[in-house]
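# predicted model follows, preceded by the sequence.
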Amino acid sequence: MSTQELFEWAYSPPDYFEGPFEVVRDDYTMTISPGKVEAWIASNTFAENPAIRGEMHAFLNDRFLGVQLMGFRPYELSDSRRTCVHSGGRKDVFIELKGAAVVAAGVAVDIRMTNADGVVYDSKAERIAVKTRLAEFVQLHRSSSPALTAMLTSFGNAIRDPQNELVHLYEVRDALSVELGGKSNAIATLGLTSAVWSKLGQLSNDEPLRQGRHRGKSGGSLRDATHAELQEAREIARSMLSLYVNHLAGKT
């Protein structure tokens, strides 16, 4: 075996992808397992293009951003640790791995129905397939779409800044309006309804909610958004983002 470079990442929650998978690219092979990622690349290839390390990290992070749309869960991804594995088995470790903090997260409830002919419906398998497809689209288009990058940032901020969650979710709608030439064009392009579009505005702007945008207009009589209200706003913003990602994929 020729000398190889092994790059390793840790991430949490360890079930973020709900199952292992492998990505094979021209210069490296990346394996994603629960809580860890490994990528192998020939040492001479890495020597010729050391920037590939950052490219792999960006590729991996884009996959997390795509899955985050489906799960509305924060994630932590460490920096990579590099190990040079020589043909004789000797290993040279170059940096110390930074551990990823554990993040508490809920557990999805799945349905799996079967009959005598086999599996009829498997909600987990279906969800993983949707996550994988969306993550692939995000990874393919984020770097070339400033609007998508901005919306993904806003969606992530909504997860990490719950006191201003509706402010950040509304930014997704606002960015779409700017990118697609206004409300009417955005609705037509993505196949949304005016009711759905307006509902996010109502929750973010009109209701006297502490997590909303216009807190000063309520005269001080604010309340916390209910779980149902937050969940509805999240689903609308998620659907807008997902539709936009699929719109970008359809243009290629």
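Nice, I can see it. Numbering: from 1, shown residues only.
# the strands in the stretch 151-252 of the chain, which residues?
Here the stretch 151-252 of the chain has no strands by DSSP state E, counting those that start in this stretch.
# quick one: the nearest residue to A158 once chain neighbours are set aside from S154, how far?
Excluding the flanking residues, the one nearest A158 by CB to CB, 6 or more residues apart in numbering is H168, at 3.8 Å. (Glycine included, C-beta is placed from N, CA and C.) According to CB to CB, to the nearest Å, H168 stands 5 Å off from S154.
# for Q139, same thing?
For Q139, the distance to S154 - CB to CB - is 19 Å.
# cool, and L190?
17 Å.
# repeat for H247
Distance from H247 to S154, by CB to CB: 17 Å.
# if you count what's nearby, which of these two comes out ahead?
S154 (20 against 17; other CB atoms under 10 Å).
# pretty sure the more buried one contacts R173?
No: contact criterion CB atoms under 8 Å: S154 and R173 do not qualify, at 9.5 Å.
# the residue most distant from the middle of this protein, which is it?
G88 (39.4 Å; CA atoms, centre = their mean).
# what are the phi and psi values at that one?
Reported as degrees, to the nearest 10, the phi and psi values for G88 are phi -90, psi 0.
# check what pLDDT it gets.
pLDDT recorded at G88 is 77.
# wait, doesn't M30 sit right on W9?
No: contact criterion CB under 8 Å: M30 and W9 do not qualify, at 9.4 Å.
# out of these two, which sits in the more crowded spot?
W9 (23 against 20).
# hang on, that one is in a helix, isn't it?
No: under the criterion used here (DSSP: H, G, I helix; E, B strand; the rest coil), W9 is strand, not part of a helix.
# wait, it touches I32, no?
No: W9 lies out of contact with I32 (CB under 8 Å); the separation is 9.1 Å.
# any shared contact partners between these two?
L60 (CB atoms under 8 Å, 6 or more residues apart in numbering).
# just the pLDDT for the closest residue to Y170 other than its chain neighbours.
Of all residues not flanking Y170 in the chain, S204 sits nearest, at 3.8 Å (CB to CB, 6+ apart). Looking at S204, its pLDDT is 92.
# how many neighbours does S204 have?
26.
# right, and the helix or strand after the helix or strand harbouring A39?
Using DSSP states H and E, the element containing A39 is strand 36-42. Sequence-wise, the next helix or strand downstream of strand 36-42 (DSSP H and E) is helix 43-48.
# off-centre distance for that next one?
30 Å (CA atoms, centre = their mean, to the nearest Å).
# do the same with stretch 221-231
Per CA atoms, centre = their mean, the centroid offset for stretch 221-231 relative to its chain is 24 Å.
# which stretches of this protein aren't confidently modelled?
Low-confidence regions of the chain, defined here as pLDDT under 70, cover residues 1, 95-127, 130, 215-220, 251-252.
# just the helices in it please.
43-48, 52-71, 123-141, 146-160, 165-179, 183-190, 194-201, 227-250 (DSSP state H).
# against V37, how distant is the residue lying closest to P34 once chain neighbours are set aside?
Nearest residue to P34, sequence neighbours excluded (CB to CB, 6+ apart): P14, at 4.3 Å. As judged by CB to CB, P14 and V37 stand 11 Å apart.
# and the two? Which one has more around it.
The neighbour comparison of P14 against V37 (other CB under 10 Å) goes to V37, with 22 against 14.
# report the contact partners of the spatially closest residue to the more buried one that is not a sequence neighbour.
Nearest residue to V37, sequence neighbours excluded (CB to CB, 6+ apart): W9, at 4.2 Å. Residues in contact with W9 (CB under 8 Å, 6+ apart) are 36-37, 57, 60, 77-81.
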